[in-house]
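In: here is a sequence together with a model predicted from it:
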Amino acid sequence: MRGCLLDDDGNVVEYLNPRDWTGHVRDGSRGQVMVEFGDFYCRFETSANIERVKFSLFPLPGYRYVPLMYVSAYEATVQRSTNKLSSVVNTTADYRGGANQADWDTLSKTVLGRPATQISRTNFRTYARNRKAGSTKWNCMTYDVQKMLYWLFVVEYATLNSQEAFNTQLTAEGYRQGGLGDGVTTLDSGKWNTFNGYYPFIPCGYTDELGNGTGEKEYTMPTEYDASSKKVKVCRYRGIENPFGHIWQWTDGINVRINPGSNGLSEVFVCSDPSKFNDSNYNGYSHVGNEARAEGYVKEIIFGESGEIIPALVGGGSTTYFCDYHYTNIPASVALRGVLFGGHANDGAGAGLAYALSHDAPSSTYAYLGSRLCFIPTSA
């Protein structure tokens with residue numbers, strides 16, 4: 001996994017210094033700041049009550065190919081003059097985040113240089129595709145990317161708890177230990193609302209001095225949030241800033257059909273072909289299992305042959321089983337729901353790489369709903 005600048009045709013302009021990105025031009029003028037990964041093989045298998053995740057650089061029997069893909073290093077913003085979804089470090093008005101509040105520019109709650117929010121999944125998809133007309137290679141965050149990042153972390157750190165305390169020390173055998181820390185998840189809901197109405201506040205690129213690495217960096221909240229100078233830790237996973245926490249992330253390529261009634265099902269449909277992504281039906285999608293009908297900490301996931309990370313059963317805890325929360329609700333009539341991942345700045349122990357929420361229609365827009373930018377070279 002390595003940081004790079006990617007132009008709108010999907011060409012790598014340059015790879016970033018693996019130790020520190022801050023010396024590079026990251027304002028969008030030379031390309032989008034992305035993390036490249038993929039081009040390997042994986043297998044998900046179940047025997048009795050054991051689920052195994054395996055990766056390989058070689059096409060072993062039963063292994064699926066994971067093509068090269070790119071995910072934004074930052075929570076995405078929007079270039080306002082072109083309505084293009086962007087991954088940049090840019091504090092000009094053209095890349096103003098949040099809901100584009102110009103009257104906040106000189107205040108501590110400024111959204112200059114912050115991620116863009118209060119945007120529907122439908123519009124996030126459109127803004128991503130605006131990067132190259134007629135192509136479906138540019139997308140907002142996809143479920144496939146979210147899923148693969150989750151399993152890469154789980155295998156590397158040998159834990160299902162992405163919020164375990166960050167630990168720079170390797171085990172005696174040379175393996176990673178700990179997790180990514182709390183992330184930006186420990187704010188007080190009321191204070192956050194009073195401060196800026198639940199809009200994002202962490203600047204994009206805040207942890208870029210960590211380069212392609214994993215770690216965390218302390219951020220002090222403005223005194224307008226709390227006179228005691230509340231501090232949070234901004235986490236980074238192999239160049240990807242705020243992989244969970246801060247704001248929720250819309251994901252594309254997954255639709256959930258939630259049926260009403262106590263005996264209904266919440267059917268999960270996924271799609272790996274961006275040309276078929278949509279917010280109104282399940283055409284071109286595959287039914288991979290059923291989502292848990294209740295909220296709570298995740299005890300089991302669908303898993304299956306493709307490693308689905310959607311919760312199938314709740315009843316776990318913040319440090320047991322999958323360690324992340326699940327939130328949904330049952331409608332009065334059949335509803336198509338999108339899925340958000342990660343949690344936001346006041347979700348505490350419930351947040352994490354596998355925290356999934358299927359409460360909202362893809363048209364929903366809130367101050368704390370954002371996404372990322374992805375590029376899938378194998379798409380049309």
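Out: Good, I have the coordinates.

In: please go through this structure and pick out the longest strand.
Out: strand 248-258 (DSSP state E).

In: for that strand, enumerate the helices and strands it packs against.
Out: Packing partners of strand 248-258 (3 or more Cβ pairs under 8 Å, 6 or more residues apart in numbering; DSSP states H and E): helix 121-129, strand 138-140, helix 143-157, strand 266-270, strand 335-341, strand 369-370. Every C-beta, even on glycine, is put in place using the N, C-alpha and C of the backbone.

In: closest one to Cys204 among those?
Out: strand 369-370 (10.8 Å; Cβ to Cβ).

In: sheet-wise, list the partners of the closest one with their directions.
Out: strand 248-258 (parallel) (DSSP bridges).

In: quick one: the strand it pairs with to strand 335-341, angle?
Out: Angle, strand 248-258 to strand 335-341, by axes from the mean of the first three to the mean of the last three Cα atoms, to 10 degrees: 150 degrees.

In: give me the mean pLDDT for strand 248-258.
Out: For strand 248-258, the mean per-residue pLDDT is 98.

In: can you check stretch 337-354 too?
Out: Rounded mean pLDDT across stretch 337-354 is 97.

In: and it, how far out from the chain's middle?
Out: 9 Å (Cα atoms, centre = their mean, to the nearest Å).

In: only C-alpha atoms, please: export it in PDB.
Out: Output of stretch 337-354 as PDB, limited to C-alpha atoms (Å, rounded to 0.1, in the frame of the first residue of the first chain):
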ATOM      1  CA  ARG A 337     -31.200   1.300   2.300                       C
ATOM      2  CA  GLY A 338     -27.600   2.200   1.700                       C
ATOM      3  CA  VAL A 339     -24.800   1.300   4.100                       C
ATOM      4  CA  LEU A 340     -22.500   3.700   5.900                       C
ATOM      5  CA  PHE A 341     -19.300   2.600   7.700                       C
ATOM      6  CA  GLY A 342     -17.000   3.700  10.400                       C
ATOM      7  CA  GLY A 343     -19.100   5.800  12.800                       C
ATOM      8  CA  HIS A 344     -18.600   9.500  13.700                       C
ATOM      9  CA  ALA A 345     -16.900  11.600  16.300                       C
ATOM     10  CA  ASN A 346     -19.200  10.800  19.300                       C
ATOM     11  CA  ASP A 347     -19.700   7.100  18.700                       C
ATOM     12  CA  GLY A 348     -17.000   6.000  21.100                       C
ATOM     13  CA  ALA A 349     -16.300   2.300  21.500                       C
ATOM     14  CA  GLY A 350     -19.000   1.400  19.000                       C
ATOM     15  CA  ALA A 351     -17.000   2.900  16.100                       C
ATOM     16  CA  GLY A 352     -14.500   1.000  14.000                       C
ATOM     17  CA  LEU A 353     -13.700  -0.400  10.500                       C
ATOM     18  CA  ALA A 354     -16.700  -2.800  10.700                       C
END
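
In: how far is the longest strand of the chain from where the chain is centred?
Out: 12 Å.

In: cool, and stretch 118-135?
Out: With Cα atoms, centre = their mean, you get 16 Å for stretch 118-135.

In: please apply the same query to stretch 80-88.
Out: Worked out by Cα atoms, centre = their mean, stretch 80-88 lies 18 Å from the chain centre.

In: buried ones in it?
Out: 80, 84-88 (16 or more other Cβ atoms under 10 Å).

In: got it, and stretch 27-40?
Out: Quick answer for stretch 27-40 (16+ other Cβ under 10 Å): 28, 31-38, 40.

In: cool, stretch 160-167 as well?
Out: Across stretch 160-167, burial judged by 16+ other Cβ under 10 Å covers 160-164, 166.

In: low-confidence stretches in the chain?
Out: Applying pLDDT under 70 to the chain flags no residue at all.

In: ranges for the strands of the stretch 1-150 of the chain?
Out: Ranges of strands in the stretch 1-150 of the chain, per DSSP state E, counting those that start in this stretch, are 2-6, 12-15, 32-37, 40-47, 50-56, 64-66, 69-72, 77-79, 84-86, 138-140.

In: and Ser318, which of those strands is closest to it?
Out: strand 50-56 (20.6 Å).

In: can you tell me the SS state at Val234?
Out: Three-state call for Val234 (DSSP: H, G, I helix; E, B strand; the rest coil): strand.

In: need the strands of the stretch 1-150 of the chain in a markdown table (columns: distance to Phe341).
Out: Compiled in a markdown table, the strands of the stretch 1-150 of the chain are given as follows (distance: least, Cβ to Cβ, whole Å):
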| stretch | distance to Phe341 |
| --- | --- |
| strand 2-6 | 21 |
| strand 12-15 | 27 |
| strand 32-37 | 17 |
| strand 40-47 | 19 |
| strand 50-56 | 18 |
| strand 64-66 | 19 |
| strand 69-72 | 12 |
| strand 77-79 | 19 |
| strand 84-86 | 17 |
| strand 138-140 | 12 |
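
In: among the ones you listed, which is nearest Tyr368?
Out: Nearest to Tyr368, of those and by Cβ to Cβ, is strand 77-79 at 14.8 Å.
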